[in-house]
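>>> I would like to see how this sequence folds:
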Amino acid sequence: MSVTVFQAAAGPSLAAAAARILVRRAAQAAGVALVVTVTCFVIVQQLPGDIAFRIAAGRYGYDKVDAATAAEIRADLNLDAPAWEQLGAWILDAVRLDFGASLVTGAPVIGELGHHLSATLQLAAVALLVSVAVGAVIGVLAARSRGGAFDRLTDTYVALVRALPPFALGLLLIIVFSVQLGWVPAAGHGEGRNIVLPALTLAIGLSGLFARVTRDTVARILQSEQVHFARTKGLAQKMVLARHVLRNAGVTLVAYVGVQILILVEGVVVVESLFAWPGLGHALVHAVFWRDIPAMQATVLALALIVVVVSTAVDLAVLALDPRTREDR
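Numbering: from 1, shown residues only. The predicted model follows:
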């Protein structure tokens, strides 16, 4: 369906390029899924501690687990089977979209995965919108006053927000807006206010990067011959900015939005754990801690495939915006 839409919109060259991208990305997704699954399983097998004991502790609590309980869990889940046999069985089931049940809760992994994925996408969407809006405004204003006071202030802002690691920025926001001012809750999920602090934690750092890219891109286009020619024709500054500058900057900025989304995927693990946001990152931390292998495998696989899907979407968007890229695909 995607190829048909592209063909109707812009002709066969775009459709052919889009088809090549989709085929290449599909093969990449299969390779990434296999590598991530095997690597994750091998790492878990090498972690210290008794897997059966950890699973039993996750089910019943540490104070109610003894050697007999761990032995019962080991026998029930067939944890003494060879590692290659366990991995092969999981891969065969995953190919059929059967991710099994959680070793701790007993609930189907696919249901829990859908819940966590929804929460992560919600958080990422809000953070991305805020970071792009703030970064674009700052970047355009800085580009129009290149070398001026606002441009230097932008450099300071970018350096400051990039120097703060997400967990430190998150703690700072909790202290100021939750503990001291009491405006929003520090953690939780289910109310609109709960998303404010985790979304800001992700968005503030990303807005600095987007502001810098926007400033450099817009400043370069403002010095181009086509913008100079538009000005000599007597076009108003707003018209020049809308028709020539922002449209030409779109290719670079759209590609960089894809980079921001990939950074978001990395950042959600820390931020979701800090704010108890029930997303994929939060679920992954708990799955690793309790050695819940099916839940962990499915979560890592979802995060990896998100990266591939985002890269594919960015490639298709760049194709639609810039015809010059179609020959290279």
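>>> Look at Arg96 and say how many residues are nearby.
Burial measure for Arg96: 7 neighbouring residues, criterion other C-beta atoms under 10 Å. From N, CA and C alone the C-beta is placed, and that goes for glycine too.
>>> Likewise for Phe210?
Neighbour count for Phe210, taken as other C-beta under 10 Å: 25.
>>> Tell me which residues touch Leu305, please.
Ala29, Val32, Ala33 (C-beta atoms under 8 Å, 6 or more residues apart in numbering).
>>> what's the helix or strand for the spatially most central residue of the chain?
By C-alpha atoms, centre = their mean, the chain has its centre lying nearest to Val265, at 2.4 Å. Taking DSSP states H and E as the definition, Val265 sits inside helix 246-275.
>>> Check which element follows that helix along the chain.
Sequence-wise, the next helix or strand downstream of helix 246-275 (DSSP H and E) is helix 280-289.
>>> which residues sit against that following helix?
Outside of helix 280-289, the residues that reach it under the criterion C-beta under 8 Å, 6+ apart are 44, 54, 58, 112-113, 116-117, 119-120, 268-273, 276, 292-293, 295-296, 299-300, 302-303.
>>> can you rerun that using 6 Å?
For helix 280-289, the external contacting residues (C-beta atoms under 6 Å, 6 or more residues apart in numbering) are His116, Thr120, Val268, Val269, Glu272, Ser273, Ala295, Met296, Thr299, Leu303.
>>> contacting residues for Ala143?
Ala143 makes contact with Arg215, Val218, Ala219, according to C-beta under 6 Å, 6+ apart.
>>> Tabulate the residues you listed (JSON lines), appending pLDDT and distance to Ala83.
Formatted as JSON lines, the entries for the contacts of Ala143 read as follows, by pLDDT from 0 to 100; distance: C-beta to C-beta, whole Å:
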{"residue": "Arg215", "pLDDT": "82", "distance to Ala83": "51"}
{"residue": "Val218", "pLDDT": "75", "distance to Ala83": "53"}
{"residue": "Ala219", "pLDDT": "75", "distance to Ala83": "55"}
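>>> just to revisit the earlier point, and the average pLDDT for the helix holding Val265 is what?
When pLDDT is averaged over helix 246-275, the result is 75.
>>> If you count neighbours, what's buried in it?
Neighbour counts using 16 or more other C-beta atoms under 10 Å place 246, 248-249, 251-261, 264-265, 267-275 of helix 246-275 among the buried residues.
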